[in-house]
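> Starting from these lines, generate the structure:
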Amino acid sequence: MDVLDFKNIYWNYYIQIEKDFFDTVPYCNIAESNNNSFSVKYLQLHLALCSEIDTICKSLCQRINNSLNLSECGISDYIKILNSSYVTFSKETVNLIGYKYRIVQPWKGIDKGHIPNWWNVYNEIKHHRDSKKNNKNIYEYANQKNVIEALCALYVLIQYWAAKNFVVDKTEKKNNIMPTLQSKKLHLDNWKFYFSFMGPGEWFDSSLYFKYIEKEGKENE
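Coordinates of the predicted model:
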């Protein structure tokens, strides 16, 4: 897959859904005090985000294991593949640029076999929206906190998917594709592989990326 195909199939949609979320900020500011704020827009975003997560999980996991039978796979299967391929995946943290919001670790616990809460909420609002849980309408769980976590989860996932496609040379010092696939709203805290001189030039050090994922893997052996 070349970079134009990747952008047309995955990245441009991510940027649109990211924009849709941040467009809600004038009406409900990003703040932990608004964690439980819910709306029809958050419901729409949560469903769209998790649907895209499912789509990219399928593509990435099949790229890792081409014998995978997608018709028989679900989130638990994807988590096992992602964990076995990337020890770093569950540890990734995301910072919301320009907001005093907590650091988000959207895939936390999957290395222990746990399913993220934002995914469980997705299944509940998708299949049991007219029900209640803990005396609360299921649709009310489509709140700002869960949408932020799902958005961050998608960003982590799409960055690994991009790296799988475009970071292939372990000795490469200047990859010019990955910088074009960076969010201006979210930042992966552990990805310290981006460099630039004064001016617009920017590049991604592929060799450091491979050292990062391989070092973490060795430390967990």
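> all contacts plus neighbour counts: C-alpha atoms, from now on.
OK.
> quick one: pLDDT of the residue sitting furthest away from the middle of the chain?
Going by Cα atoms, centre = their mean, the residue of the chain most distant from its centre is residue 135, 30.5 Å out. We have a pLDDT of 88 for residue 135.
> quick one: buried residues of the longest helix seen in the chain?
Looking across the chain with DSSP state H, the single longest helix is helix 40-64. By 16 or more other Cα atoms under 10 Å, the buried positions in helix 40-64 come out as 42-43, 45-50, 52-53, 56-58, 60-62.
> CA atoms only for the following helix or strand past it, dumped as CSV, please.
The helix or strand immediately downstream of helix 40-64 is helix 75-85, counting by DSSP states H and E. Only the C-alpha atoms of helix 75-85 are listed here, as CSV (Å, rounded to 0.1, in the frame of the first residue of the first chain):
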residue,chain,number,x,y,z
ILE,A,75,-11.5,-7.9,19.8
SER,A,76,-10.0,-10.6,22.1
ASP,A,77,-8.2,-12.2,19.2
TYR,A,78,-6.9,-8.8,18.0
ILE,A,79,-5.6,-8.0,21.4
LYS,A,80,-3.6,-11.3,21.6
ILE,A,81,-2.0,-10.6,18.2
LEU,A,82,-1.2,-6.9,19.0
ASN,A,83,0.3,-7.9,22.4
SER,A,84,2.4,-10.7,21.0
SER,A,85,3.7,-8.4,18.1
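> Mind listing what's buried along the element among helices and strands of the chain having the smallest mean pLDDT?
In the chain, no helix or strand scores lower on mean pLDDT, DSSP states H and E than helix 206-219, which sits at a mean of 81. Using 16+ other Cα under 10 Å as the burial criterion, the residues of helix 206-219 that qualify are 206-210, 212.
> again with stretch 74-86
Of the residues in stretch 74-86, those buried (16+ other Cα under 10 Å) are 78-83, 86.
> starting at the chain centroid, how far to that stretch?
14 Å (Cα atoms, centre = their mean, to the nearest Å).
> Excluding sequence neighbours, find me the nearest residue to residue 48.
residue 17 (7.9 Å; Cα to Cα, 6 or more residues apart in numbering).
> Could you double-check that the one you found sits in contact with residue 45?
Yes - if you go by Cα atoms under 8 Å, residue 17 and residue 45 touch, sitting 7.4 Å apart.
> from the buried residues of helix 40-64, which is closest to residue 183?
Residue 183 has its nearest neighbour among the buried residues of helix 40-64 in residue 49, at 15.5 Å by Cα to Cα.
> circling back to that earlier point, let's have the buried residues of stretch 74-86 in TSV, adding distance to residue 123.
Putting those into TSV (distance: Cα to Cα, whole Å) gives the following:
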residue	distance to residue 123
78	16
79	16
80	19
81	21
82	20
83	22
86	25
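> Can you show me the strands along this structure?
Using DSSP state E, the strands of the chain run over 94-96, 132-133, 136-137, 186-188, 194-195, 203-204.
> Let me have these in TSV, adding distance to residue 6 and mean neighbour count as columns.
TSV is the format used below for the strands of the chain (distance: least, Cα to Cα, whole Å; neighbours: other Cα atoms under 10 Å):
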stretch	distance to residue 6	mean neighbour count
strand 94-96	22	20
strand 132-133	39	12
strand 136-137	38	12
strand 186-188	19	18
strand 194-195	20	15
strand 203-204	17	20
